[in-house]
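In: Provided below are the primary sequence and the corresponding predicted coordinates.
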Amino acid sequence: MSGLLIAQGPLACYFVNAGLRNLYLWPLAKPFSRELFVYIPPKLQLDQAQACELIKREPFALLISAEGGIEASHLPLILSDCGTRLYGHMARANPQWQELDGKSVLAIFSGPHAYISPNWYAKGPAVPTWNYTAVQVKGRVTLLEGAQAMDTLMETVNRFEPGLLSGVLMPADYVARLSAAIVAFEIQIEKIEGKAKLGQQRKSDDQQGVTAGLEASTHREAGALLAEMYRLNLGLGLEDKASE
């Protein structure tokens, strides 16, 4: 089976085939859907505001295109008005930009994630899993030129380090020379969906066990995932505690 490996963890490998049509779980090699988009049970779906907030906090994305061959680039994408556009740029030496104008792309934003041990649940049997938050955005690309391209570059830099472009380290002539080596673009968003798989569908005592397990874990990912659970108020098992 040919395709692009877009994510890999201890439990599964995911492939996308040409044309952004199918998502496969290897080694089962069966498509999840006819359209490449994340499977989200209703209880695990983020609302629009939550999905946009994740993009703003975790702007480093995987941009996938499949016009004439599958290409993928890791790069930051800046969200403008929520649910309308993403802005970004890539090196002109990157051949992916040559196939982007007017074409559909998929941008994947990964939030905190961590391994979940079955030993943390109140009762067994149970299997290990991986909890996470993520957002997938599907849209159509327009390449930007001239002032629009420069504005995109400026906005990206200002988003992460306001005032840098006005300093002596980034004079205007230097920025202008470097801008010739990049290609800026915008993505008109057609669909945006967020998923929070945080164990919120499990019984409260199981959720509380996972919370305790993450608090005690020495894995660096555990703390970030736990903070995300508190931020979203999901998977904490607090409902029963509140009623006691």
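Out: Arrived safely, thanks for sending.
In: kindly list the longest helix within the protein.
Out: Longest helix in the chain, counting residues (DSSP state H): helix 146-160.
In: and the next helix or strand past it?
Out: Per DSSP states H and E, the first helix or strand lying C-terminal to helix 146-160 is helix 172-179.
In: what angle sits between the longest helix of the chain and helix 172-179?
Out: With axes from the mean of the first three to the mean of the last three Cα atoms, to 10 degrees as the basis, helix 146-160 and helix 172-179 are set at 100 degrees to each other.
In: for beta bridges, what are the partners of the residue nearest to residue 59 when sequence neighbours are not counted?
Out: In space, and not counting its chain neighbours, residue 59 is closest to residue 76: 4.7 Å by Cβ to Cβ, 6 or more residues apart in numbering. C-betas here are computed from N, CA, C, even on glycine. Beta-bridge partners for residue 76, by DSSP bridges, are residue 60.
In: so who does residue 76 touch?
Out: 59, 60, 61, 88, 156, 160 (Cβ atoms under 8 Å, 6 or more residues apart in numbering).
In: likewise for residue 113?
Out: Going by Cβ under 8 Å, 6+ apart, residue 113 touches 130, 131, 132, 133, 134, 221, 225.
In: that one in helix, strand or coil?
Out: For residue 113, the assignment made with DSSP: H, G, I helix; E, B strand; the rest coil gives strand.
In: where along this structure do the strands fall?
Out: 4-8, 13-16, 23-26, 45-46, 60-65, 71-76, 78-79, 85-91, 104-116, 129-144, 182-197 (DSSP state E).
In: output those strands in a markdown table; the columns should cover distance to residue 151 and mean pLDDT.
Out: Listed next are the strands of the chain as a markdown table, based on distance: least, Cβ to Cβ, whole Å; pLDDT from 0 to 100:
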| stretch | distance to residue 151 | mean pLDDT |
| --- | --- | --- |
| strand 4-8 | 30 | 51 |
| strand 13-16 | 32 | 46 |
| strand 23-26 | 34 | 42 |
| strand 45-46 | 29 | 96 |
| strand 60-65 | 20 | 98 |
| strand 71-76 | 16 | 98 |
| strand 78-79 | 11 | 96 |
| strand 85-91 | 9 | 97 |
| strand 104-116 | 20 | 97 |
| strand 129-144 | 8 | 97 |
| strand 182-197 | 8 | 96 |
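In: just put those in CSV and tack on distance to residue 211.
Out: Below are these laid out as CSV (distance: least, Cβ to Cβ, whole Å):
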stretch, distance to residue 211
strand 4-8, 25
strand 13-16, 28
strand 23-26, 28
strand 45-46, 20
strand 60-65, 27
strand 71-76, 31
strand 78-79, 30
strand 85-91, 33
strand 104-116, 11
strand 129-144, 11
strand 182-197, 15
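In: closest to residue 212 out of those strands?
Out: Closest approach to residue 212 among these (Cβ to Cβ): strand 104-116, 11.9 Å.
In: now that closest one against strand 182-197, angle please.
Out: Using the same axes, to 10 degrees: strand 104-116 against strand 182-197 is 40 degrees.
In: quickly run through the sheet partners of strand 104-116, with directions.
Out: Strand 104-116 is paired, per DSSP bridges, with strand 60-65 (antiparallel), strand 129-144 (antiparallel).
In: nearest to residue 39, of these?
Out: The minimum distance between residue 39 and those falls on strand 129-144, with 10.4 Å, by Cβ to Cβ.
In: any idea of the mean pLDDT in the longest helix of the chain?
Out: When pLDDT is averaged along helix 146-160, the result is 89.
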